[in-house]
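Colleague: structure here, sequence nowhere to be found:
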């Protein structure tokens, strides 16, 4: 009897492995989301902005066709990446700032923690014009979660292998 069950499992595994994945178009609702950016290195914001792109781009394409102005997206910034938004660092982080400025023109709100800004010696006037300075990132995170926003916290890891090496 035991051999019979092993045989059934073997036969079932043959059929399962012969199947292929199915593409599913989940019926997403208009998004309300906030991204929490809190990184140990300023340059990690560049990878985090790809998370933002990966969120926005599929929703603007078929079958969803959401216009960016109907996406309610906030980015809460309170780590070392705060320096990328200081006007005095524009030359160093120009490409990053221009990407964020582009997203802000699509309606994404970039909110910087005033407590973190103070730790870095910045005041509101030190930041790019599209930035909103808020009293505390932690209060913002709690508030917007209570308002029904999903929270996404990009985890930026060091890439050790190329895609080709992993395949």
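Modeller: Thanks, I have it. The structure displayed is predicted, hence computed values, not measured ones.
Colleague: mind listing the strands for this protein?
Modeller: With DSSP state E, the ranges of strands along the chain come out as 32-37, 72-77, 109-113, 131-134, 150-152.
Colleague: reformat those strands as JSON lines; add mean neighbour count and mean pLDDT.
Modeller: The C-beta positions use only the backbone N, C-alpha and C, and glycine is treated the same way. JSON lines is the format used below for these (neighbours: other Cβ atoms under 10 Å; pLDDT from 0 to 100):
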{"stretch": "strand 32-37", "mean neighbour count": "20", "mean pLDDT": "97"}
{"stretch": "strand 72-77", "mean neighbour count": "23", "mean pLDDT": "97"}
{"stretch": "strand 109-113", "mean neighbour count": "21", "mean pLDDT": "98"}
{"stretch": "strand 131-134", "mean neighbour count": "19", "mean pLDDT": "98"}
{"stretch": "strand 150-152", "mean neighbour count": "13", "mean pLDDT": "97"}
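Colleague: okay, these in a markdown table with distance to residue 64 next?
Modeller: As requested, those are arranged in a markdown table below (distance: least, Cβ to Cβ, whole Å):
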| stretch | distance to residue 64 |
| --- | --- |
| strand 32-37 | 14 |
| strand 72-77 | 14 |
| strand 109-113 | 21 |
| strand 131-134 | 27 |
| strand 150-152 | 16 |
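Colleague: quick one, which of those strands gets closest to residue 123.
Modeller: Relative to residue 123, the nearest member of the strands of the chain by Cβ to Cβ is strand 131-134, separated by 8.4 Å.
Colleague: so what touches the closest one?
Modeller: Strand 131-134 is contacted from outside by 76, 85, 109, 110, 111, 112, 113, 114, 117, 124, 127, 140, using Cβ atoms under 8 Å, 6 or more residues apart in numbering.
Colleague: what's the neighbour count on residue 21?
Modeller: By other Cβ atoms under 10 Å, 5 other residues sit near residue 21.
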